[in-house]
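Student: After the sequence you'll find the predicted model.
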Amino acid sequence: MQTLNLETPQAQFFIPFAPSPGGLSSPKMTDPNERFFRHFQAELTSETVIQDQIDDLAALSPVNGERQMCTDTILAGISRLNNEVIDAGDYIPAYDQRAYSQAIKALTEKLNETTGKFKPKSRFQFKPRVQNATAQAGAADPRSQAPSQQQSPASPSVAAADDKDEHAASSQPASKDYNAELRDPAAAKTDGVRKPSFSQARSIALEGHEALHIALPTSATKSSASVTDLDRCIVDMSAPTVEGGRPFAGLALRNVRRSLVVAGRVDGPVHVTGVEGSVVVVAARQVRMHDCRDVDVYLHCASHPIIEDCSGVRFAPIPAAYLPEELSGAPNQWDQVDDFKWLKSEPSPNWSVLPEGERISDARWRDAFGGDPSPNADDVLRKFGILNS
């Protein structure tokens, strides 16, 4: 039997590759149990998202809530993983579910231990009351209760982990409304491109825009980013993650239509939800897509991309211009896509490899984003085939 070994200072837990009768009897690509195992393994092992993010917490600055932001991202990832185990209960045997739940519990304990090193000890005594209130509020929702008695995201050690962060953040000036500023025609530079600094923001959050060309400057380096409710927009987020900067810890794309998003490098998960008729370019540790239609994804991914409830999604390798130098020799699993809602033996009809003849050429990428970009977003989107001529 092969196993996934998740070690913590408190315990060891093993995720079975081929558990007892009714479990994973053979490593078949089309077996939903096997696909879920590989997804779960990718989430937890030292080569992927959550454990790496926990290990990186100590290196993050407590100023401006940066460490707290990453902690929140980790908590959201653990909660999502727990819900996925619950949802997979229809086809995962009880033995496997217990093993997965033990691994989630161990991961939560590791997070609590790590964040506990940051908390002011004198304030710890006030936090259990928050935990109890949260537990009572969530008692009616079975999804809020981990199968392994996973601690609530408001547990004492996590909630107290960044009191210093909160104090520092409260002493900062109020954040600007960068999205309102972006909508102001006066915000456009001479080339028509809007370049928000996000210098007073804890994270990058672009939302509610139409027909804009937005490019983040190299100074806009934050721990996480989100792009929400866009239509006919061009968003270039690559500069702060590759030009002497650092990758985003996580990225969320939601409700984006007829747009081009160059997301740069993401060291953690990328969640793409409700995106339609668009082109996405990203280098990430993990990519998961939900409810997407007719999207071309130019991708470098360290794990198998996952799609659910999607159709017309096409994948291609990331253009050379957007491949970070440190990833040039790393394995790229851009075409090893798992469709979690397609359980038949034949290939999923919901995704395909983008034919080479239909891929955007390097010259077109240079023309669109180098030198003299067009001030009109619609013109660029037409050149990329996103809008009809």
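Tutor: That came through fine.
Student: The closest residue in space to residue 266 that isn't next to it in sequence and residue 325: what is the separation?
Tutor: For residue 266, the nearest residue in space outside its immediate sequence neighbours is residue 284; the separation is 4.2 Å by Cβ to Cβ, 6 or more residues apart in numbering. No exception for glycine: its C-beta is placed from N, CA and C like everyone else's. From residue 284 over to residue 325 the distance is 16 Å, taken as Cβ to Cβ, to the nearest Å.
Student: list the contacts for residue 366?
Tutor: Residues touching residue 366, when contacts are defined by Cβ atoms under 8 Å, 6 or more residues apart in numbering, comprise residue 321.
Student: I'd guess it is in a strand, am I close?
Tutor: No: checked against DSSP: H, G, I helix; E, B strand; the rest coil, residue 366 lies outside a strand; its state is helix.
Student: Quote the end-to-end distance of stretch 90-97.
Tutor: Between the opening and closing residues of stretch 90-97 we find a distance of 10 Å, counting by Cα to Cα, to the nearest Å.
Student: Sorry, wrong one. I was asking about stretch 36-56.
Tutor: Using Cα to Cα, the span of stretch 36-56 from its first residue to its last is 26 Å.
Student: avg pLDDT for it?
Tutor: Per-region confidence: stretch 36-56 scores 68 on mean pLDDT.
Student: what are the ranges of the helices in the protein?
Tutor: The residue ranges that make up the helices of the chain, judged by DSSP state H, are 32-44, 49-56, 66-87, 94-116, 128-137, 156-159, 163-170, 178-183, 239-242, 362-369, 377-383.
Student: Out of those, the one nearest residue 256 is which?
Tutor: Nearest to residue 256 among the helices of the chain is helix 377-383 (12.4 Å), distances taken as Cβ to Cβ.
Student: And for that closest one, what's in contact with it?
Tutor: By Cβ under 8 Å, 6+ apart, the list of residues contacting helix 377-383 from outside reads 211-213, 232-234, 258-260, 364, 367-368, 373-374, 387-389.
Student: from those, which ones fall inside strands?
Tutor: Assigned to strands by DSSP state E, the following of those qualify: 213, 234, 260.
Student: Show me the beta-bridge partners of the second one.
Tutor: Beta-bridge partners of residue 234, counted by DSSP bridges, are residue 213, residue 260.
Student: for it, what are its contacts?
Tutor: So, once contact is read as Cβ under 8 Å, 6+ apart, residue 234 ends up touching 212, 213, 214, 259, 260, 368, 377, 380, 381.
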